[in-house]
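Asks: Any chance you could fold what I've pasted below:
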Amino acid sequence: MKSLYDIPAPAKLNLFLHITGQRADGYHLLQSAFMLIDWHDTLHFELRSTPKISREDILTPLPEDDLIVRAARALQILGGTTLGAHIQVEKRVPAQAGMGGGSSDAASTLLALNRLWGLHLSLTQLTRIGLTLGADVPFFLNGHNAWVQGIGEDITPIYLPKGQFLVVKPHAGLPTQAIFSAPDLKRDTNPAILAGFAANPFGFGRNDLQPVAQRICADVTRALDWLDSLGLKGRMTGSGSAVFACVPSLFKLGEVPQTLKVRLCSNLEVHPLAGWAS
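Replies: Model prediction:
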């Protein structure tokens, strides 16, 4: 039976995240730099001759109707195929971390099944599906580190120097809606320019969501305090509870508190599946 094994779905870090306004429909306008890192989930796809879509969770149980299954079903409809798939998921990127794990899984599912089912849909067509699944999915489909604006749909590829990052995920997660609906969220940061970011990509700006997140979730503050105890300046990534700091190339990680999931990561120049759709 035809299959595709060991398909990676890498996480991302938001190097900064500014909220520059809010639309009449409630969507927040943002600016951010999204950076791919080598912390990833792994997916395996087995072709089915019937339309059935099934998912098997190897490491961490996922919701029954998660983004992976929804992406597969949406692709079936757009592609007009009667084929199906059995999908095995090795989930390593933590949930509610702000690292885009679910969106990355959805993007890798679209790219892999487009190939496995022989649909030959374009990247533009896959992106239309991605937009219906989540704001971060088009970024992962695009395949490059990016300057992101608007509500997440305005994506400009950028070059980033190689770097190492200590990524820290406390036990508690953060629901995105709780942060974006907070009345004290800063929503009026002045728009930045790409040239200003490029001069200091790993130290530029801030995460406007962080003060609200720290008020809601004390674990975020504890994670930042632990980074500070190592002499590192940390910040939150995205709208989840994970924080990170850029570290020197010879950095050695010592003892880690049991309450934290910690990983030393490198950034990626491009997505491992870049070029799978054109």
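
Asks: Over to Ile179. Which of the three states is it?
Replies: Three-state assignment for Ile179 (DSSP: H, G, I helix; E, B strand; the rest coil): helix.

Asks: So it sits against Pro211, correct?
Replies: No - Ile179 is beyond contact range of Pro211, at 9.9 Å (criterion: CB atoms under 8 Å). The way it works is simple: take the backbone N, C-alpha and C, and place the C-beta from them, glycine included.

Asks: Tell me which of the two has more neighbours.
Replies: The neighbour count for Ile179 versus Pro211, taken as other CB atoms under 10 Å, is higher for Ile179 (23 against 16).

Asks: Could you report the distance from the more buried one to Leu209?
Replies: Separation of Ile179 from Leu209 (CB to CB, to the nearest Å) stands at 5 Å.

Asks: Kindly report the same for Tyr5.
Replies: Counting by CB to CB, the gap from Tyr5 to Leu209 is 37 Å.

Asks: before we move on, what about Phe45?
Replies: In this view, Phe45 and Leu209 are 34 Å apart by CB to CB.

Asks: how about low-confidence regions in this structure?
Replies: Within the chain, the ranges that satisfy pLDDT under 70 run 1.

Asks: Dead centre of it: give me the residue that sits there.
Replies: The chain has Gly100 as the residue nearest its centroid, 2.0 Å off, counting by CA atoms, centre = their mean.

Asks: Verify the contact between that one and Ser32 for me.
Replies: No - between Gly100 and Ser32 there is no contact under CB under 8 Å: 11.2 Å.

Asks: about what we covered before: quick one: which of Tyr5 and Leu209 has more around it?
Replies: Using other CB under 10 Å, the more surrounded residue of Tyr5 and Leu209 is Leu209, with 27 against 11.

Asks: Let me know whether that one touches Met236 as I believe.
Replies: Yes - the pair Leu209 / Met236 is scored as a contact, 6.5 Å apart, by CB under 8 Å.

Asks: Give me the nearest residue to Pro248, chain neighbours excluded.
Replies: Sequence neighbours aside, Gln164 is the residue nearest to Pro248 in space, at 7.5 Å (criterion: CB to CB, 6 or more residues apart in numbering).

Asks: need the contact list for that neighbour.
Replies: Taking CB atoms under 8 Å, 6 or more residues apart in numbering, we find Gln164 in contact with Cys246, Val247, Pro248, Ser249, Phe251, Leu264, Cys265, Ser266.

Asks: Would you mind pulling up the elements that the longest helix along the chain packs against?
Replies: When the chain is scanned for its longest helix (criterion: DSSP state H), the result is helix 101-116. Here helix 101-116 touches strand 3-22, strand 28-48, helix 67-79, strand 84-90, helix 123-133, helix 137-142, going by 3 or more CB pairs under 8 Å, 6 or more residues apart in numbering; DSSP states H and E.

Asks: Output it in PDB, but only the C-alpha positions, please.
Replies: Provided in PDB are the C-alpha atoms of helix 101-116 (Å, rounded to 0.1, in the frame of the first residue of the first chain):
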ATOM      1  CA  GLY A 101       1.900  23.000  16.500                       C
ATOM      2  CA  GLY A 102      -1.700  22.300  15.400                       C
ATOM      3  CA  SER A 103      -1.400  24.700  12.400                       C
ATOM      4  CA  SER A 104       1.900  23.100  11.300                       C
ATOM      5  CA  ASP A 105       0.300  19.600  11.500                       C
ATOM      6  CA  ALA A 106      -2.500  20.900   9.300                       C
ATOM      7  CA  ALA A 107      -0.100  22.300   6.800                       C
ATOM      8  CA  SER A 108       2.000  19.200   6.600                       C
ATOM      9  CA  THR A 109      -1.200  17.100   6.200                       C
ATOM     10  CA  LEU A 110      -2.300  19.300   3.200                       C
ATOM     11  CA  LEU A 111       1.100  19.000   1.500                       C
ATOM     12  CA  ALA A 112       1.500  15.300   2.200                       C
ATOM     13  CA  LEU A 113      -2.000  14.200   1.100                       C
ATOM     14  CA  ASN A 114      -1.900  16.500  -1.900                       C
ATOM     15  CA  ARG A 115       1.100  14.300  -3.000                       C
ATOM     16  CA  LEU A 116      -0.200  11.000  -1.700                       C
END
